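Colleague: give me a model of this one.
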Amino acid sequence: MRPILSALDSEDKKIRINRRQLEAGMVVKRAFTLVELLVVISIMTVVMGIAIPAFNHVRRQAINLVSMNNQKQITSAINIFSNDNDDRYPESVATIGYGENWNWTDPTRLTGNRQRSPRLYRSMSRYLKNYVTDASSMFCPCSPQEYQYLKLAWEAGENWDNPETTFPADPVGGSYCFYWNYKGVLEQQGKVFQGPHDPAGNKRQSTLLVTDYFGYDHWRTPAAFGSCEVFDEATEVAETLLLSSYWSAPGTLENIPEVTLRAGYTDGHVETFSSRDTVQMKVSITSDGKTPYPDGVGPGIYLLPSKALQ
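Modeller: So this is what the prediction gives:
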């Protein structure tokens, strides 16, 4: 009997020892060594380094698609308007002055300073509100931020009056350029840029309806490029009470920064173009589109896709 008890006691001790070893082993396996922790952190850093640029690229692509869709909506709205109005596009609101004493201003205007005549509206929404219900469609999503009064101004139309100013009727500058029924100075070509009057057009008219803003030497940023699209070394130009924010960086026209931009045409299609494949257009200080603002004064130069003159 004693040998049996002794054997059982010995076996029990072995079991207890094995259990303690097992528990000790489990504790060791649950803990990370410093080396293992550093390896995990390194792997996570590498994964994040790969994932974040990929995420930013996807986000950028999504924003680009929104902007392209915006311009498609604009070209569609303009063409539907013409279909409802004897095949004529609406008048440009990018003007200053009254009666016969008026001149052009920058083509980013969504609301002009005042009516040129009782029959011509100063707000783009007065023409297009029934065709464009969301004001954000008229604004480039790649801009630093949407103009704070965009929706209110679009809804107010002719009655827009910025609550922060003392003027009775305020203009609004956006982040796209609108070229239907617009005239500008093409100094290098020695002729006038004429935006389309209708979908059919003619040889004297461009087929260009809308583009991303891309220009040079605006009075807000002299001797610098400006764009609703971000580009290398560009910083934000804050919005004013009347004008939208945009991206800008100093430079010269001999070294145009590389930016991918979009443009919409009378046939309804929207395509990308390079900032370096462009022609220069100056804003005209006369209504005939023949006399540009002096250099260093006013809205500056607007760079149009070369295709706009073909």
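Colleague: name the SS class of the closest residue to F193 other than its chain neighbours, please.
Modeller: Leaving aside its sequence neighbours, F193 sits nearest to G184 (Cβ to Cβ, 6 or more residues apart in numbering; 4.2 Å). Where you see a C-beta, it was placed from the backbone N, CA and C, and this is true even at glycine. Of the three states, G184 takes strand according to DSSP: H, G, I helix; E, B strand; the rest coil.
Colleague: pretty sure I96 is touching G112, no?
Modeller: Yes - at 7.3 Å, I96 and G112 qualify as touching, with contact defined as Cβ atoms under 8 Å.
Colleague: still on that earlier bit, for the residue nearest to F193, grab the count of nearby residues.
Modeller: Counted with other Cβ atoms under 10 Å, the neighbours of G184 add up to 27.
Colleague: low-confidence ranges, this protein, go.
Modeller: 1-32, 49, 51-60 (pLDDT under 70).
Colleague: okay, helices next: where are they in it?
Modeller: 2-30, 34-84, 124-128, 150-156 (DSSP state H).
Colleague: between I96 and G112, what contacts are shared?
Modeller: Common neighbours of I96 and G112, using Cβ atoms under 8 Å, 6 or more residues apart in numbering, are T105.
Colleague: neighbour count: the two, which is higher?
Modeller: Ranked by neighbour count (other Cβ under 10 Å), I96 and G112 place G112 first, with 24 against 16.
Colleague: show me what contacts that one?
Modeller: G112 neighbours (Cβ under 8 Å, 6+ apart): V93, A94, T95, I96, T105, R122, S123, P171.
Colleague: do S248 as well
Modeller: T221, A224, F225, G226, S227, A234, T235, E236, V237.
Colleague: most neighbours among those residues, which one?
Modeller: Neighbour max across the contacts of S248 (other Cβ under 10 Å) = F225, 29 neighbours.
Colleague: am I right that that residue is in contact with G215?
Modeller: Yes - counting by Cβ under 8 Å, F225 does reach G215; the two are 7.2 Å apart.
Colleague: roughly how far apart are the nearest residue to W160 once chain neighbours are set aside and I63?
Modeller: Spatial nearest neighbour of W160, chain neighbours left out: A153 (4.6 Å); criterion: Cβ to Cβ, 6+ apart. Separation of A153 from I63 (Cβ to Cβ, to the nearest Å): 23 Å.
Colleague: next: P257.
Modeller: Using Cβ to Cβ, P257 is found at 19 Å from I63.
Colleague: now swap in T240 and tell me
Modeller: Plainly put, T240 is 24 Å away from I63 if you go by Cβ to Cβ.
Colleague: neighbour count for those two, which is higher?
Modeller: More crowded of T240 and I63, by other Cβ under 10 Å: I63, with 14 against 11.
Colleague: next, count neighbours for V279.
Modeller: 16.
Colleague: can you check C228 too?
Modeller: For C228, the number of neighbouring residues by other Cβ under 10 Å comes to 27.
Colleague: I'd guessed it sits against M138; true?
Modeller: No - look at C228 against M138 with Cβ under 8 Å: they stay out of range, at 11.9 Å.
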